[in-house]
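1. any chance you could fold what I've pasted below:
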Amino acid sequence: MTGLRLYALAALVIAGLAAAGVYTWKVFDAGRQIGGADTADRIMREQRDAVDAMAAARERVRACYARGGLWDRSTGQCRSAVPGAGQ
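-> Modelled structure (predicted):
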């Protein structure tokens, strides 16, 4: 009987450890899903901000060319056009 009790106790310990592992995994997974939603929202917001900044920069360059200026890429500023020959 002692051997049977030892096996029964070992089986209960293993079952308890397995149940604790499953519970821990479920809690971890639920926390990851909640945190993942916040991260996805932050990334989407950053992407929108980057697209808006790019559109604003493109508009500044186009406005520079529309005024007859030259866009200086090294400074990121509009300069007046170089006068043509004879001007």
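2. where does residue 71 fall, phi/psi-wise?
-> Note on residue 71: its backbone torsions stand at phi -90, psi 120 [degrees, to the nearest 10].
3. neighbours around it, how many?
-> Each residue near residue 71 was counted by other Cβ atoms under 10 Å, and the total is 15. (C-beta placed from N, C-alpha, C; glycine too.)
4. kindly report the same for residue 10.
-> Neighbour tally, residue 10, other Cβ under 10 Å: 10.
5. try residue 43
-> 10.
6. host element of it?
-> If you go by DSSP states H and E, residue 43 is part of helix 2-66.
7. bridged to the nearest residue to residue 60 once chain neighbours are set aside, which residues?
-> The shortest distance from residue 60 to any non-neighbouring residue, by Cβ to Cβ, 6 or more residues apart in numbering, is to residue 78 (7.3 Å). Under DSSP bridges, the beta-bridge partners of residue 78 are residue 71.
8. coming back round to it: just give me how far the helix holding residue 43 sits from the chain centre.
-> Averaging C-alpha positions (Cα atoms, centre = their mean, to the nearest Å) puts helix 2-66 11 Å from its chain's average.
9. all good on my end, thank you.
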